[in-house]
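Asks: Build me a structure from this.
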Amino acid sequence: MKNIRLDGETVYLRSITNEDTPLVVKWRNQENVIKYFIYRGEFTEETHTNWLKTKVETGLVDQFIVCLKDGDVPIGSTYLRDIDTKNSKAEYGVFIGEEGTRGQGIGKEILNLTVKYAFENLKLHKVYARVIDTNKASLYCFLHSGFFEEAFFKESVLLDGQYRNVIILSRFNPDEGDGFFENKEYKKEILGGFRMPMPGKE
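Replies: Just a heads-up that it's a prediction; the model follows:
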């Protein structure tokens, strides 16, 4: 596995190791973490070890542990998954496992560090994320970090007995230019939450 450190103002990201497994499993099984995941199956040490072996070690995933600079305290994890070198894109994911560190703006710093790594180190063209529409904090964070709403899937997943909408948010590598946003008015509509009318229930 890689040995990388990415420094921000209040946090740093370091490459995940096998020794982080118990901590990651503890975080992932917390209710306040699970509720924002689409996959909600049982998460065990075996599950995570297999993930490291088949995804991280093979280069399909770059995963980091998020640590506070003050005290070197690990608080969560961020990752780029399904790294597609042919089409130059990857999916972003993150979870904060330490309750006291949520809601302090750290999420935006983690996002920006990870995306910067994706564009500058991996030279990816595009980073995207899937977000359940009830996760308002994440939506706000993405839309204020250069992401735009690319797609809206109505009642796309069944979670806790209810069908939920899933929003795809994306950001392109600014070093490559972006013809998609040449129309500034269209960009404004997208960032304002514009989407095509959809049939069915409101």
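Asks: residue contacts, residue 33?
Replies: 27, 95-97 (CB atoms under 8 Å, 6 or more residues apart in numbering). In this view, the C-beta of every residue, glycine as well, is placed from N, C-alpha and C.
Asks: again, but for residue 111
Replies: 78, 92, 94, 141-142, 145.
Asks: Neighbour count, secondary structure and pLDDT added to those residues, as a markdown table?
Replies: Output for those, formatted as a markdown table (neighbours: other CB atoms under 10 Å; DSSP: H, G, I helix; E, B strand; the rest coil; pLDDT from 0 to 100):
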| residue | neighbour count | secondary structure | pLDDT |
| --- | --- | --- | --- |
| 78 | 25 | strand | 98 |
| 92 | 23 | strand | 98 |
| 94 | 19 | strand | 96 |
| 141 | 22 | helix | 92 |
| 142 | 24 | helix | 94 |
| 145 | 15 | coil | 93 |
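Asks: Determine which two of the contacts of residue 33 are furthest apart.
Replies: 27 and 96 (8.0 Å; CB to CB).
Asks: Identify the contacts common to the two.
Replies: Contacts common to residue 27 and residue 96, judged by CB under 8 Å, 6+ apart, are 33, 76.
Asks: Can you tell me which helix or strand of this protein has the lowest average pLDDT?
Replies: In the chain, the helix or strand scored least confidently by mean pLDDT, DSSP states H and E is helix 184-191, which has a mean of 46.
Asks: So which residue is smack in the middle of the protein?
Replies: residue 93 (2.3 Å; CA atoms, centre = their mean).
Asks: so what's residue 47 up against?
Replies: residue 25.
Asks: pLDDT score assigned to it?
Replies: Residue 47 is assigned 94 on the pLDDT scale.
Asks: In what element of secondary structure is it found?
Replies: helix 45-51 (DSSP states H and E).
Asks: where along this protein do the helices fall?
Replies: 21-28, 31-34, 45-51, 106-120, 136-143, 184-191 (DSSP state H).
Asks: Tell me which residues touch residue 7, please.
Replies: residue 69.
Asks: That one bridge partners, please.
Replies: Using DSSP bridges, the bridge partners assigned to residue 7 are residue 12.
Asks: just for the protein, where's the confidence low?
Replies: 103, 177-202 (pLDDT under 70).
Asks: now with 80?
Replies: By pLDDT under 80, the low-scoring segments of the chain are 99-105, 176-202.
Asks: can I get the helices of the chain in CSV with distance to residue 160?
Replies: What follows is the helices of the chain, written out as CSV (distance: least, CB to CB, whole Å):
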stretch, distance to residue 160
helix 21-28, 17
helix 31-34, 10
helix 45-51, 21
helix 106-120, 23
helix 136-143, 17
helix 184-191, 30
